[in-house]
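Peer 1: sequence plus the predicted model coming up.
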Amino acid sequence: MSQQERPGSSATGGVNRRLVLAGLAGGVASAGLTGPSAAAAAPAGRPERDRRVEALLGKMTLAEKIGQLQLVGDETTARAALAAGRLGGVFSVVGAAKLNALQRIAVERTRLGIPLVFGLDVIHGYTTNFPIPLAQGASFDPAVAGTDAAVSAGEARRSGIHWTYAPMMDVTHEPRWGRIAEGYGEDPYLAARFAVAKVRGYQGDDYSAPDRVAACAKHFVAYGGAEGGRDYNTVDVSLQRLHNLYLPPFKASVEAGVATVMASFNTISGVPAHGNGYVLHDVLKGAYGFRGFVVSDYTGIEELILHGLAGDGADAAAAALPAGVDMEMVSTNYARFAERLLAERRITRDQIDDAVRRILLVKFRLGLFERPYVDEATEVKAPSPAALAASRQVAARCMVLLKNDGPVLPLAKTVGSVAVVGPLGAATYDLNGTWAGLGTGAGTTPPVTVVDGIKAAVPGAAVSYTPGCTADGTDTGGFAAAQQAARAADVTVVVVGETAAMSGEAAARSTIDLPGVQQQLVAAIKETGKPFVVVLVNGRPLTIPYLHENAPAILEAWAPGVQGGHAIADVLFGVVNPGGKLPVSFPRAVGQIPVYYNHENTGRPADPASKYTSKYLDLPSGPLYEFGHGLSYTTFRVDGLRLSGTSLPARGGRIEVSATVTNTGGRDGDEVVQLYLRDPVATIVQPVRRLRGFRRVTLAAGASTTVSFTLTPDDVGFYDNTARFRVEPGKIEVYVGTSSAATLSASFMVV
Ligand code: BGC
């Protein structure tokens, strides 16, 4: 295959590539439309670093250059690759002494002494686990992600890690997909806001600092579109949806200066991401002007063979490098075949140089040439009290009160006895959820259990724990004991949901009910007639109509992290008034998936009174809990919607939207004021609503405040099927309220 024929280079879904590029240029200030060479042009302020990169590049042999493209995931392979002079970085090796030992070989025993970059999946904590990213999205407070990222970066960097494989920002409509836990849910605007906060939290202004790391925007791109929610599965996506739904968080992260990007395992309209020149070369490096490097996912280049894009490893390398994958993780096709491919003119010297240049640039920015080693005395082996306090505060901020009849919650601190029931009531590491930093082994800090959190919150109460059943077993033999405990207590807290292994990578579920007999356990507790509340610990939306109909109160706690038990108790006993909102719709049944708020209308929108409309015969329309839903122990009113004008000029216009939010209840609390837009007539039909602003406010009982949002043409525009960003004249409807079902509305004209 010649370089001109490289796979993926024209994978634009049959769309004229020049048009696509022209369209993408709009709105991307630093767009370099001719790809790597343009992207490599140095803006003012960077010449010194670029000069050092070029000087080093000029000294490197071809073999040394190819060596920089290799990333390996264990110490033994790393030592062998280093001995052969073929290594750019190492990941998943932890421990400052070990890392320094490897670095010493690279710096002191290779010809040019180029330092290694050390990576790790620090997804929501290094030693201090914060709630999973999906939970963080539920805070509707990007500062939460910033806190996680800053704490994690400090711990990781002081322990010798330079580079994290986060943030994951894959938008998805698929709750069956286990990796929904790792991202921020179904909305591209919410995901972009959190991704940017996380990139900034990890990198700061300068990621050479001793408490910062280089971030990695992943997985590029559309990984969340996996058919059937089955991990790694096919994604066939229109250009408009690619650009409107999946790409926005990545574009925003590049604008925020993210150091690296990871390619995704999926195909995108027939071309696997690792060989997809359109998304990597044309969009990311070209239109977005990304100057950092692209790392493959784990064996992602090798997998081009099984995908059916490449006949062998050489083919795979010949597809991936020109498409724009700069560094190969685990598999070794660049290392083995690049020289041959160059001789055969299937790849070019410029392509190799471009990849090396990008990797060296990040290494220079990390300050590795000045400070290749970590001070072993600073290694972080356990969470600090401050980090634990931050994790606890964040976890409580992420919880969503789905239902609270009575209200049963908050529980009185004067309660005499509490029965904690359910398989997750005494769970430890399961509270961390997927990707638990340093892991769950010896030397790691186990999360505080729910039962211990409750004991600490109400030291005067008798607190019992009875599991009732396991998380996924079929045995109901423990129900009687659980009922007995419930009968003996003033109130029962039923903790059910998913273990950590039930979400995350390669953890798709075909049903998303409560696993095992947990729902029957809730029914058994209900049967006692005693008051109870349900706490959910889980990494994805669950189908819980039974709970909605039968449990008086439901608190969605997600996988809350290392302080989970304390944070749950904080919310149950009203020390913290919950204010989180769902970043993803909760379906009624799995057969309804995908069900998401930002859908297009049909020509026959669902109407229960009319047969020939878009709905199921056996289910009400819409989700059980909509995107943005979440209750509080107090109540709020949003009114006084005002616009600063009636029209928004398509070029350079601005319009202010403001509303008043009042705490109408008797307790201080948080509300998230949400702004949605709808373009009712457009050349590409637009979602019935899309989030374009949100603000979480804390209000004392009786207090009110005004919340304002500024809209610009960027907020009303969209990408079409040539990937051109369009701002079309006409009416825009505005909805403001406390969920995606907001009813307060106004409109303006784009002129
Ligand atoms: C995952 C990535 C992760 C990588 C390295 C892969 O299996 O898809 O998200 O960063 O492994 O651990």
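Peer 2: Noted; the coordinates are in hand. The model shown is predicted, which means the values in this text are computed figures rather than measured ones.
Peer 1: ok, now which ones touch the residue of the chain at minimum distance from the ligand?
Peer 2: Closest to the ligand within the chain is residue 165: 3.5 Å, counting by Cβ to the nearest ligand atom. Just so you know, the C-beta spots here come from the backbone N, C-alpha and C atoms, and that holds for glycine as well. For residue 165, the contact set (Cβ atoms under 8 Å, 6 or more residues apart in numbering) comprises 91, 119-123, 216, 218, 262.
Peer 1: lowest-confidence helix or strand of the chain?
Peer 2: Lowest by mean pLDDT, DSSP states H and E among the helices and strands of the chain is helix 36-40, with a mean of 33.
Peer 1: how close does the most centrally placed residue in the chain sit to residue 632?
Peer 2: The centroid of the chain falls nearest to residue 183 when counting by Cα atoms, centre = their mean (2.1 Å). Separation of residue 183 from residue 632 (Cβ to Cβ, to the nearest Å): 25 Å.
Peer 1: can you pull the contacts of the residue in the chain sticking out farthest from the centre?
Peer 2: What lies farthest from the middle of the chain is residue 488; by Cα atoms, centre = their mean that is 42.3 Å. Residues near residue 488 by Cβ under 8 Å, 6+ apart: 417, 419, 464.
Peer 1: what pLDDT does the model give it?
Peer 2: Looking at residue 488, its pLDDT is 98.
Peer 1: try residue 164
Peer 2: For residue 164, pLDDT reads 98.
Peer 1: quick check, it in contact with residue 203.
Peer 2: No: here residue 164 does not reach residue 203: they are 9.7 Å apart, not a contact under Cβ atoms under 8 Å.
Peer 1: so what sits against both of the two?
Peer 2: Counting by Cβ under 8 Å, 6+ apart, the shared contacts of residue 164 and residue 203 are 153, 213-215.
Peer 1: and those, which two are furthest apart?
Peer 2: Based on Cβ to Cβ, the longest span within these runs between 153 and 214 and measures 9.5 Å.
Peer 1: I'd say residue 625 and residue 402 touch.
Peer 2: Yes: with contact defined as Cβ under 8 Å, residue 625 and residue 402 form a contacting pair (5.8 Å).
Peer 1: are there residues contacting both of those two? Which ones?
Peer 2: 548, 582, 586.
Peer 1: bridge partners for the last one, pull those for me.
Peer 2: When bridges are called by DSSP bridges, residue 586 pairs up with residue 625.
Peer 1: for it, grab the count of nearby residues.
Peer 2: 24 (other Cβ atoms under 10 Å).
Peer 1: for it, what are its contacts?
Peer 2: Residue 586 touches 175, 402, 541-544, 623-625, counting by Cβ under 8 Å, 6+ apart.
Peer 1: partner strands of the helix or strand where residue 657 lies, with direction?
Peer 2: In the assignment (DSSP states H and E), residue 657 maps to strand 655-663. Applying DSSP bridges to the sheet, strand 655-663 is found paired with strand 636-643 (antiparallel), strand 704-711 (antiparallel).
Peer 1: hey, where'd the helices end up in the stretch 251-400 of the chain?
Peer 2: According to DSSP state H, counting those that start in this stretch, the stretch 251-400 of the chain carries its helices in the segments 277, 303-307, 313-323, 333-343, 349-365, 385-398.
Peer 1: most tightly surrounded among these?
Peer 2: helix 313-323 (a mean of 27; mean count of other Cβ atoms under 10 Å).
Peer 1: picking up where we left off before, in CSV: the helices of the stretch 251-400 of the chain, plus distance to residue 253 and mean pLDDT.
Peer 2: Below are the helices of the stretch 251-400 of the chain laid out as CSV (distance: least, Cβ to Cβ, whole Å; pLDDT from 0 to 100):
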stretch, distance to residue 253, mean pLDDT
helix 277, 20, 98
helix 303-307, 24, 98
helix 313-323, 20, 98
helix 333-343, 25, 98
helix 349-365, 15, 98
helix 385-398, 21, 98
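Peer 1: for residue 147, give me its contacts.
Peer 2: Contacts of residue 147 (Cβ under 8 Å, 6+ apart): 130, 201, 390, 394.
Peer 1: confidence score at residue 27?
Peer 2: 33.
Peer 1: flag every residue of the stretch 251-400 of the chain that's near the ligand.
Peer 2: 297-298 (Cβ under 6 Å from any ligand atom).
Peer 1: what about 8 Å?
Peer 2: 262, 264-265, 297-298, 329 (Cβ under 8 Å from any ligand atom).
Peer 1: of the residues you listed, which is the most crowded?
Peer 2: Going by other Cβ under 10 Å, residue 264 tops these with 28 neighbours.
Peer 1: so how far is residue 282 from the residue nearest to it when sequence neighbours are not counted?
Peer 2: Excluding its sequence neighbours, the residue lying closest to residue 264 (Cβ to Cβ, 6 or more residues apart in numbering) is residue 219, at 3.4 Å. According to Cβ to Cβ, residue 219 stands 18 Å off from residue 282.
Peer 1: cool, and residue 322?
Peer 2: Distance from residue 322 to residue 282, by Cβ to Cβ: 12 Å.
Peer 1: likewise residue 682?
Peer 2: From residue 682 to residue 282 the distance is 25 Å (Cβ to Cβ).
Peer 1: which one's more surrounded, these two?
Peer 2: residue 282 (27 against 16).
Peer 1: need the pLDDT of the more buried one.
Peer 2: 98.
Peer 1: over to residue 184?
Peer 2: pLDDT at residue 184 comes out at 98.
Peer 1: excluding chain neighbours, what is closest to it?
Peer 2: Nearest non-adjacent residue to residue 184 (Cβ to Cβ, 6+ apart): residue 137, at 3.6 Å.
Peer 1: do the same with residue 555
Peer 2: Nearest to residue 555 is residue 535, by Cβ to Cβ, 6+ apart, at 5.0 Å.
Peer 1: quick one: secondary structure of the one you found?
Peer 2: strand (DSSP: H, G, I helix; E, B strand; the rest coil).
Peer 1: hang on, it packs against residue 450?
Peer 2: Yes: with contacts counted by Cβ under 8 Å, residue 535 reaches residue 450, the gap being 6.6 Å.
Peer 1: give me the common contacts of those two.
Peer 2: With Cβ under 8 Å, 6+ apart, residue 535 and residue 450 have common neighbours 424, 493, 495, 568.
Peer 1: so which of those belong to helices?
Peer 2: Among the shared contacts of residue 535 and residue 450, the ones falling in helices (DSSP state H) are residue 568.
Peer 1: show me the strands in the stretch 601-750 of the chain, by range?
Peer 2: 636-643, 647-648, 655-663, 669-678, 690-699, 704-711, 718-719, 725-726, 730-737, 744-750 (DSSP state E, counting those that start in this stretch).
Peer 1: now those in a markdown table, with mean neighbour count and mean pLDDT?
Peer 2: Shown next, in a markdown table, are the strands of the stretch 601-750 of the chain (neighbours: other Cβ atoms under 10 Å; pLDDT from 0 to 100):
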| stretch | mean neighbour count | mean pLDDT |
| --- | --- | --- |
| strand 636-643 | 16 | 98 |
| strand 647-648 | 18 | 98 |
| strand 655-663 | 20 | 98 |
| strand 669-678 | 24 | 98 |
| strand 690-699 | 19 | 98 |
| strand 704-711 | 17 | 98 |
| strand 718-719 | 22 | 98 |
| strand 725-726 | 18 | 98 |
| strand 730-737 | 19 | 98 |
| strand 744-750 | 16 | 98 |
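Peer 1: would you turn these into a markdown table with distance to the ligand?
Peer 2: Converted to a markdown table, those look like this (distance: least, Cβ to the nearest ligand atom, whole Å):
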| stretch | distance to the ligand |
| --- | --- |
| strand 636-643 | 38 |
| strand 647-648 | 39 |
| strand 655-663 | 37 |
| strand 669-678 | 29 |
| strand 690-699 | 26 |
| strand 704-711 | 33 |
| strand 718-719 | 26 |
| strand 725-726 | 29 |
| strand 730-737 | 35 |
| strand 744-750 | 39 |
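Peer 1: appreciated, that's everything.
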